[in-house]
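Student: Give me coordinates for this.
(one chain, ligands or ions: 2)
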Amino acid sequence: MSTTRTPVPAIGTLSQRQQRGMDCVWCGVTLTAATAIDLGPRPLRILDQVSQWFPRSCDRHVDKAEYEKLLAHCAACPTCLDTGCEDGARLRRAAREARR
Ligand SMILES: [Zn+2]
Ligand SMILES: [Zn+2]
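Tutor: Ligands and ions are numbered 1, 2, ... in the order given. From the prediction side, this is the model:
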């Protein structure tokens, strides 16, 4: 099973606060516990050391990213609109939950 993660901006283009997950990686807004969405650990290579960083975003963007994934999936998936498929159901659920 492959999990496609939302792409995030290159860490080198972000501010210190964005790199630390204090600000949204997309719009730079200051995050609170209520609005922060963890985007999952990303590999980070510094010279020959590989470590990780943990980008976070505000809740506005996750909604959009999931919705776009859903649209892309439905356009390519022959069974979605017909009998439905697991991927489509999962994406729809995620898009709905993100919109709450
Ligand atoms: Zn944002
Ligand atoms: Zn489908």
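Student: Going by C-alpha atoms from here, please, whenever you check contacts or count neighbours.
Tutor: OK.
Student: Give me the residues contacting stretch 68-81.
Tutor: Stretch 68-81 is contacted by residues 85, 88, 91-92, 95 when judged by C-alpha atoms under 8 Å, 6 or more residues apart in numbering.
Student: do the same with stretch 52-59
Tutor: 8, 18-26, 29, 31, 35-45, 98.
Student: list the buried ones in stretch 28-40?
Tutor: Within stretch 28-40, the residues scored as buried using 16 or more other C-alpha atoms under 10 Å are 28, 30-31, 36-37, 39.
Student: what about the nearest residue to residue 36 once chain neighbours are set aside, neighbour count?
Tutor: Once flanking residues are discounted, residue 36 sits nearest to residue 58: 4.9 Å by C-alpha to C-alpha, 6 or more residues apart in numbering. Burial measure for residue 58: 23 neighbouring residues, criterion other C-alpha atoms under 10 Å.
Student: Check the one 3 residues further on too.
Tutor: Residue crowding around residue 61 was assessed by other C-alpha under 10 Å; the count is 17.
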